[in-house]
Structure formats: C-alpha cells, structure tokens
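[1] structure for the following, please:
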Amino acid sequence: MNVKSCREVRKEIAMRLRHCLQGRSAAWLSAGSGLLETVVEAYLAGRREISIAELKCMCMAMDIPVMRFLVHPDPLQEKDLDEQILAEIAFLQGF
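    Numbering: from 1, shown residues only. I've put the predicted structure just below:
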C-alpha cells in the first residue's frame with residue numbers, strides 16, 4: 001500500500017481544488033463557501049490541513065459532491081458511477 005504523507009495529501013487537495021475552480025478566484029470560493037479568503041488561499045497553496053467540514057463547504061460552492069472530489073481522478077468529468085459509489089456519495093452528502 002502506498003501511504004502518502006500529510007504534505008503530499010495537502011498538495012493533492014490543493015491541486016484538485018485549483019483544477020475544480022476552473023480559473024475562478026480564491027475570493028469567489030471564499031464567498032461561496034463562507035470561509036475566510038486567507039483560509040481558502042492556504043488550502044489552494046497546500047499550506048493548511050483541511051477539515052471535512054471545510055472541504056464540504058468548498059465542494060458545495062463548486063457544486064461537486066465531496067466523495068467525488070476525493071476519489072474521482074477528475075472530479076469535473078461526467079462519468080457513470082457504479083451503485084456502491086453512488087450510495088457512498090448519498091450517505092456522505094447527509095453530513
């Protein structure tokens with residue numbers, strides 16, 4: 001099993017967030033998520049550990065399910081999902 005360090009995870013999340021923003025700004029994501037712009041900027045730079053609650057706020061602002069953001073190689077790509085993944089997404093969206 002390949003276990004990533006905390007720094008690698010932060011960088012991966014930062015890369016995914018930047019990709020999902022599609023050129024929109026940290027200010028846009030801040031306004032949509034209710035998070036401080038400095039906090040969003042730190043996430044985008046991979047300098048801050050992320051909480052699921054804050055990730056959920058940002059994903060909601062970008063209209064991307066949290067589970068899709070975390071597990072799909074390209075969260076923006078439309079693709080058929082199998083039933084188990086759909087059930088997991090539905091479950092996690094209830095949080």
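[2] wait, residue 61 sits on residue 27?
    No: with contact defined as Cβ atoms under 8 Å, residue 61 does not reach residue 27; the gap is 11.7 Å. Backbone N, C-alpha and C define where each C-beta goes, glycine included.
[3] out of these two, which sits in the more crowded spot?
    For residue 61 versus residue 27, neighbours defined as other Cβ atoms under 10 Å are more numerous around residue 61 (20 against 11).
[4] that one: which element?
    helix 52-62 (DSSP states H and E).
[5] counting by contacts, list what the helix or strand following that helix packs against.
    Where DSSP H and E defines the elements, the next helix or strand beyond helix 52-62 is helix 66-71. Applying 3 or more Cβ pairs under 8 Å, 6 or more residues apart in numbering; DSSP states H and E, we find helix 66-71 packed against helix 52-62, helix 83-93.
[6] would you list those in TSV and tack on distance to residue 11 and mean pLDDT?
    As requested, the helices and strands packed on helix 66-71 are arranged in TSV below (distance: least, Cβ to Cβ, whole Å; pLDDT from 0 to 100):
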stretch	distance to residue 11	mean pLDDT
helix 52-62	15	96
helix 83-93	23	77
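[7] same list, those, but as JSON lines with distance to residue 68 please.
    Converted to JSON lines, the helices and strands packed on helix 66-71 look like this (distance: least, Cβ to Cβ, whole Å):
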{"stretch": "helix 52-62", "distance to residue 68": "8"}
{"stretch": "helix 83-93", "distance to residue 68": "6"}
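[8] which helices and strands does the host helix or strand of residue 19 pack with?
    Residue 19 is located in helix 6-21, with elements delineated by DSSP H and E. On a contact count with 3+ Cβ pairs under 8 Å, 6+ apart, helix 6-21 meets helix 26-33, helix 37-45, helix 52-62.
[9] and residue 66, what does it touch?
    Shown here is residue 66, whose contacts under the criterion Cβ atoms under 8 Å, 6 or more residues apart in numbering are 52, 55-56, 59, 89, 92-93.
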